[in-house]
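Chemist: Sequence first, predicted coordinates after that:
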Amino acid sequence: MIGIIKYQAGNLASVANALDRLGAEYFISDDPEELEKADAIIFPGVGHAAAAMDDLRAKDLDIWLKNTKKPVLGICLGMQLLFESSEEGDCKTLGIIPGRLKKFDSSKAKVPHMGWNQFDPLKEHPLIHGIDNKQFLYYVHGYYAPTNEYTLASCKYIRDFAAVVSKDNFMGVQFHPEKSGQVGSLLLQNFLHMVKGRQQNGSQK
């Protein structure tokens with residue numbers, strides 16, 4: 001069972017619809033005790049980083065997220081909030097992955113980065129199995145995460161940025177897999193397979 005985090009910046013309907021198409025069981029909640037019952041977590045997000053963090057803190061979801069050992073998949077802003085801080089509202093974020101979110105330079109290209117773009121895999125990982133640099137995914141974002149040792153794949157728009165990240169049980173994607181057609185469905189299916197494999201190994205807590 002997948003728990004989808006409900007908060008002010010969540011893009012819930014499209015994520016839920018994508019899981020429906022995959023036949024996955026899920027529930028939507030903003031209650032840490034309820035989310036604790038899930039096998040894994042999807043952390044969606046659109047909107048403003050500072051406002052999103054305020055809402056997470058108001059519900060104690062920030063503390064719960066930082067401490068959970070469940071597989072977590074952050075999407076778009078959900079991925080960005082895994083980092084340490086953001087120029088958007090000059091706010092501290094969850095601090096799980098090192099790095100500060102920065103705004104694209106609008107003097108060099110149109111901001112936000114919106115539309116279909118590829119990514120370049122940098123490391124092998126089950127989350128991006130079967131996805132390469134020839135496939136297109138849907139991006140909408142004005143801020144970007146830096147590439148670092150936790151970057152699984154990078155994308156280029158104005159400059160290189162992190163498109164897919166992973167650290168411990170936390171994973172994140174800058175694009176919207178739920179809006180990226182067949183290749184996005186593949187990534188979500190990869191995540192579900194990882195969760196199932198973890199359950200079969202008896203490591204779910």
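Modeler: Sure thing, it's come through.

Chemist: Run through the neighbouring helices and strands of the lengthiest helix in the chain.
Modeler: Ranked by residue count under DSSP state H, the longest helix found in the chain is helix 181-200. Applying 3 or more Cβ pairs under 8 Å, 6 or more residues apart in numbering; DSSP states H and E, one finds that helix 181-200 contacts helix 12-21, strand 40-43, strand 137-141. For glycine as for every other residue, the C-beta is placed from the backbone atoms N, C-alpha and C.

Chemist: what's the distance between it and the middle of its chain?
Modeler: Remark: helix 181-200 is offset 14 Å from the chain centroid, using Cα atoms, centre = their mean, to the nearest Å.

Chemist: could I get it in PDB with only the CA atoms?
Modeler: In PDB, the C-alpha atoms belonging to helix 181-200 read as follows (Å, rounded to 0.1, in the frame of the first residue of the first chain):
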ATOM      1  CA  GLY A 181       3.200   9.000 -20.600                       C
ATOM      2  CA  GLN A 182       4.600   5.500 -20.900                       C
ATOM      3  CA  VAL A 183       8.100   6.300 -19.700                       C
ATOM      4  CA  GLY A 184       6.700   8.000 -16.600                       C
ATOM      5  CA  SER A 185       4.600   4.900 -15.900                       C
ATOM      6  CA  LEU A 186       7.700   2.800 -16.200                       C
ATOM      7  CA  LEU A 187       9.400   4.800 -13.600                       C
ATOM      8  CA  LEU A 188       6.500   4.500 -11.200                       C
ATOM      9  CA  GLN A 189       6.300   0.800 -11.900                       C
ATOM     10  CA  ASN A 190      10.000   0.500 -11.100                       C
ATOM     11  CA  PHE A 191       9.300   2.200  -7.700                       C
ATOM     12  CA  LEU A 192       6.400  -0.200  -7.000                       C
ATOM     13  CA  HIS A 193       8.600  -3.200  -7.900                       C
ATOM     14  CA  MET A 194      11.300  -1.900  -5.400                       C
ATOM     15  CA  VAL A 195       8.600  -1.600  -2.700                       C
ATOM     16  CA  LYS A 196       7.300  -5.200  -3.400                       C
ATOM     17  CA  GLY A 197      10.900  -6.600  -3.400                       C
ATOM     18  CA  ARG A 198      11.500  -4.900  -0.100                       C
ATOM     19  CA  GLN A 199       8.300  -6.400   1.400                       C
ATOM     20  CA  GLN A 200       9.300  -9.900   0.100                       C
END
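
Chemist: quick one, it and strand 137-141 angle?
Modeler: Angle, helix 181-200 to strand 137-141, by axes from the mean of the first three to the mean of the last three Cα atoms, to 10 degrees: 90 degrees.

Chemist: What distance do you get for Leu81 to Pro71?
Modeler: Noted for Leu81: a distance of 16 Å to Pro71, by Cβ to Cβ, to the nearest Å.

Chemist: And the two? Which one has more around it.
Modeler: Comparing Leu81 with Pro71 by neighbour count (other Cβ atoms under 10 Å), the higher total belongs to Leu81, at 27 against 22.
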